[in-house]
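I would like the atomic coordinates for the input below:
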Amino acid sequence: MTLTLPGIESLSLSVNEEIRVRASLDRTFTALLEQLGPYNETPDGTSMPMKLESWPGGRWFRDLGSGNGHFWGVVQAVKKPTLLEIAGPLFMSYPVANNVQYRLREENGVTIIRFRHAGFGLITDEHKAGVVKGWAYIHENVRKRAETSSSKSAAIP
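Model (predicted):
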């Protein structure tokens, strides 16, 4: 019997993005919580509302009702309105660890979001290929939500 171990590159995932939003820091952070929470949807536009308890130790999960759902992560750090960090399996149902960071700062009337998703584990090729598209879709919706003055805010703690 021969044991072949995968290389570190095949076990890791790294996505970095910078999103520029023409809205205040507070409005952008609120839009981020809304988009990751009750207004979440898949890239094909299918509604997929999530619960995001925006405090340290809070859960990020999909509630399907009757005690059913999917756990995506736990809020590792939050410093409103400049930091949101989540650790957990996210959408991956296999041995994996993920860390998602949103760092926000305001510069010349524009909010800049620095996004980082680092993952390690038995990440499937399908997820590696789709994760960039999925995050880009979510982030574009955050930008639109924050920049649209008629946007209605959900009650996010």
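
Quickly find the element holding residue 131.
Element membership of residue 131 [criterion: DSSP states H and E] is helix 125-147.

Off-centre distance for that helix?
The chain centre lies 9 Å from the centre of helix 125-147; the measure is Cα atoms, centre = their mean, to the nearest Å.

and if you look at stretch 11-27?
9 Å.

what are the phi and psi values for residue 105?
Note on residue 105: backbone dihedrals following degrees, to the nearest 10 are phi -150, psi 150.

Report the contact partners of it.
25, 82, 111-112, 114 (Cβ atoms under 8 Å, 6 or more residues apart in numbering). The way it works is simple: take the backbone N, C-alpha and C, and place the C-beta from them, glycine included.

cutoff 6 Å now
residue 112 (Cβ atoms under 6 Å, 6 or more residues apart in numbering).

Is it bridged to anything, and to what?
residue 112 (DSSP bridges).

pLDDT value on it, please?
pLDDT for residue 105: 98.

swap in residue 151?
pLDDT, residue 151: 47.

now residue 157
At residue 157, pLDDT is 48.

and if you look at residue 58?
pLDDT, residue 58: 98.

May I have the beta-bridge partners of the closest residue to it other than its chain neighbours?
In space, and not counting its chain neighbours, residue 58 is closest to residue 75: 4.2 Å by Cβ to Cβ, 6 or more residues apart in numbering. On the basis of DSSP bridges, residue 75 is bridged to residue 86.

which residues of the chain score low on pLDDT?
2-6, 149-157 (pLDDT under 70).

Many thanks, have a good one.
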